[in-house]
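Enquirer: Pasted the sequence and its predicted model underneath.
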Amino acid sequence: MKVIITAMKNEADAVKAALGDSIKIIISGIGKVNAAAATQKAILEGATEILNCGLCGGIDENMRIPEVYEVESAVEYDFDLSDVNGTSVGVLDERNSAYIPATTKGIYPAKILASGDRFKNDTSDFALLDQLNCTLRDMEGAAIAHICEKNNVAFRALKVVSDVRGLGSMPEQYLANSKIALSALSDAVRKWA
């Protein structure tokens, strides 16, 4: 059974406008803990494939609003045990790589997604995202990928850019561009889900 997980109701509404009741949609709430909990719940209820759909920030300054991307892999860029065990930033304790793989359909360009529990214009975040070769940023996707991997459940993600680094405050861009990005999400998910 496929289950779509979105962080917010407006994302779920955009997906539902495209797909109706043909697929179960769960609104996790914002952030990695909420996303992980919702994913585990979906899996316990029988999900065999998790689709994460939502808006994201574009880290590549050449990206435009509302471009659509699939996620090829995801990393929790705010996870850091480097001072404890010497691993690189983003490498979860039980893994050898920071990048959790995702499955793509090849409908939209595929990028690396970074997830962290903050939405800021922090230059140290951007430096870390560049170091990790991430071009998309959200607050949930990598946590969903992490739980899917732990449970051996297929994971896919579809993201629409709502704000772009270098075009001003990313939170302000998100607020100004959400409507157009949600419309693009609705259009994109029809082909992708």
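Expert: Noted; the coordinates are in hand.

Enquirer: Tell me who's in contact with the most centrally placed residue in the chain.
Expert: To find the centre residue of the chain, average its C-alpha atoms and take the closest one (C-alpha atoms, centre = their mean): that gives Gly141, at 3.1 Å. By C-beta atoms under 8 Å, 6 or more residues apart in numbering, the residues touching Gly141 are Ala35, Asn52, Gly54, Cys56, Val71, Ala74, Leu113, Ser115, Ala157, Lys159. C-betas here are computed from N, CA, C, even on glycine.

Enquirer: three-state assignment of the second one?
Expert: Okay, so that is Asn52. Under DSSP: H, G, I helix; E, B strand; the rest coil, Asn52 falls in the strand class.

Enquirer: That one contacts Ala142, correct?
Expert: No. In this structure, Asn52 is not within contact of Ala142 by C-beta atoms under 8 Å, at 9.6 Å.

Enquirer: Looking at the two, which has the bigger crowd around it?
Expert: Legend: neighbour count by other C-beta atoms under 10 Å for Asn52 and Ala142, higher for Ala142 (35 against 32).

Enquirer: quick one, phi/psi of the more buried one?
Expert: Backbone torsions of Ala142, given as degrees, to the nearest 10, read phi -70, psi -30.

Enquirer: For the chain, which residues score under the pLDDT cut-off?
Expert: For the chain, residues meeting the criterion pLDDT under 70 lie at 80.

Enquirer: So which residues of it form strands?
Expert: With DSSP state E, the ranges of strands along the chain come out as 2-6, 24-27, 49-58, 68-76, 100-101, 110-115, 136-138, 154-164.

Enquirer: need the ones you listed in a markdown table with distance to Met170, can you?
Expert: Listed next are these as a markdown table, based on distance: least, C-beta to C-beta, whole Å:
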| stretch | distance to Met170 |
| --- | --- |
| strand 2-6 | 19 |
| strand 24-27 | 23 |
| strand 49-58 | 5 |
| strand 68-76 | 16 |
| strand 100-101 | 23 |
| strand 110-115 | 13 |
| strand 136-138 | 9 |
| strand 154-164 | 4 |
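
Enquirer: And the lengthiest helix in the chain, what does it pack against?
Expert: Assignment by DSSP state H gives helix 170-192 as the longest helix of the chain. If contacts are counted by 3 or more C-beta pairs under 8 Å, 6 or more residues apart in numbering; DSSP states H and E, helix 170-192 sits against helix 9-19, strand 49-58, strand 68-76, strand 154-164.

Enquirer: go with 6 Å
Expert: helix 9-19, strand 49-58, strand 154-164 (3 or more C-beta pairs under 6 Å, 6 or more residues apart in numbering; DSSP states H and E).

Enquirer: Give me the contact list for the last one.
Expert: By C-beta atoms under 6 Å, 6 or more residues apart in numbering, the list of residues contacting strand 154-164 from outside reads 49-53, 55-58, 63, 65-69, 71, 102-103, 136, 141, 145, 148, 170, 173-174, 177-178, 181, 184-185, 192.
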